[in-house]
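1. turn this into a model:
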Amino acid sequence: MTTPTTFWRLAGVSYVQYVTKATSCLRAALKEPAKSKAMTQETFSYNKSVWSNGEQGAKKLTDSLAAVGK
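-> Predicted coordinates for the structure are as follows:
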C-alpha cells in the first residue's frame, strides 16, 4: 500500500508556499471594494535580531524572508 500524500507536496512546494500562492490568487480574484481591502493584508515584514549570550540584539526591519536568514 502506498503512503497518501498531498497534491502540493507532489507539486514540489511546501505548505507555506502553497498557502501563500492560494491566498494571492484568491485576493486577485475578488471584486472591489473587497479586493483593495484584502490586498493590504498581503504585505508583510519581518524583524531580524541577533541573539548573543542570552540577550536579544537590536531589531532590524526587513521585508524579505531570504534576507532574514543572512
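2. which stretches of the chain have low pLDDT?
-> Counting by pLDDT under 70, the chain has low-confidence residues at 1-4, 64-70.
3. please identify which helix or strand holds the residue nearest the centre of the chain.
-> For the chain, the residue lying nearest the average C-alpha position, counting by CA atoms, centre = their mean, turns out to be Thr20 (5.7 Å). Element membership of Thr20, judged by DSSP states H and E, is helix 15-29.
4. buried residues in that helix?
-> The neighbour-count check on helix 15-29 (16 or more other CB atoms under 10 Å) flags Arg27 as buried. Bear in mind the C-beta positions are built from the backbone N, C-alpha and C, glycine included.
5. send me that helix as CSV with only the CA atoms.
-> Presented in CSV, the C-alpha positions along helix 15-29 are these (Å, rounded to 0.1, in the frame of the first residue of the first chain):
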residue,chain,number,x,y,z
TYR,A,15,2.7,24.1,2.6
VAL,A,16,3.7,27.7,3.3
GLN,A,17,4.4,28.2,-0.4
TYR,A,18,1.1,26.6,-1.4
VAL,A,19,-0.9,28.8,1.1
THR,A,20,0.8,31.9,0.0
LYS,A,21,0.1,31.3,-3.7
ALA,A,22,-3.5,30.3,-2.9
THR,A,23,-4.2,33.4,-0.9
SER,A,24,-2.6,35.6,-3.6
CYS,A,25,-4.8,34.1,-6.2
LEU,A,26,-7.9,34.5,-4.1
ARG,A,27,-7.2,38.1,-3.3
ALA,A,28,-6.6,38.8,-7.0
ALA,A,29,-10.0,37.3,-7.9
